[in-house]
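Asks: Structure for the following, please:
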Amino acid sequence: MTADQFCTFTLAGQHFGIIVDDVQEVIRHRPGSRVPLAPAAVVGLMNLRGRIVPVIDLRTRLALPPQPAGAEPFNVVVRTKDGPKALVVDDIGDVLTLDEGTFEPTPGTVRGPAGELVRGAHKLADRLLLILDVPKVLTYAPAAAG
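Replies: Residues are numbered from 1 along each chain as shown. All right, here's what the predicted structure looks like:
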């Protein structure tokens, strides 16, 4: 059996993880510049040491309620072939090394954004760790005309 390492974080009280090799860095969230006509999940652009990085709100992307006022979120900056992208998360957890034997694919009964964006879950002693499919998370529909 093989083991993978996951960067873990929380969103609306739920525990999520992404493969640590996809993570460039974790930083405190900082306000970015809003982008007109961008999809709702793209909350702006930020300057990260001279690079312009899109910032994606995972709560919006997963159809979760917005963060409470005054919350101090984090950005998980992920590597992509198109350059870094920042994912806004509520809080950062640990890096966990998990055996593939604890992993189960997402059941077909899970619908909506979670069914599309979660690859599956690792069964931990006290909770489930939902594993995000980062390429799918970063593929979003254009903003709705309104």
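Asks: quick one: the strands in the protein?
Replies: Taking DSSP state E as the criterion, the chain contains strands spanning 3-11, 14-19, 23-28, 42-48, 51-57, 74-78, 85-89, 91-99, 103-105, 118-123, 128-132.
Asks: winner for burial among those strands?
Replies: Comparing the strands of the chain by mean neighbour count (mean count of other C-beta atoms under 10 Å), strand 85-89 comes out on top with a mean of 24. Where you see a C-beta, it was placed from the backbone N, CA and C, and this is true even at glycine.
Asks: now the end-to-end length of stretch 124-131.
Replies: From its first residue to its last, stretch 124-131 covers 12 Å (C-alpha to C-alpha, to the nearest Å).
Asks: Give me the contact list for it.
Replies: For stretch 124-131, the external contacting residues (C-beta atoms under 8 Å, 6 or more residues apart in numbering) are 6, 8, 14-18, 96, 98, 102-103, 114, 118-122.
Asks: Tell me how far it lies from the chain's centre.
Replies: Put simply, stretch 124-131 sits 16 Å off its chain's centre (C-alpha atoms, centre = their mean, to the nearest Å).
Asks: Can you convert the strands of the chain into CSV and add a column each for mean pLDDT and distance to T139?
Replies: Below are those laid out as CSV (pLDDT from 0 to 100; distance: least, C-beta to C-beta, whole Å):
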stretch, mean pLDDT, distance to T139
strand 3-11, 92, 19
strand 14-19, 94, 15
strand 23-28, 95, 18
strand 42-48, 92, 12
strand 51-57, 93, 11
strand 74-78, 96, 13
strand 85-89, 95, 11
strand 91-99, 94, 24
strand 103-105, 90, 19
strand 118-123, 91, 14
strand 128-132, 92, 12
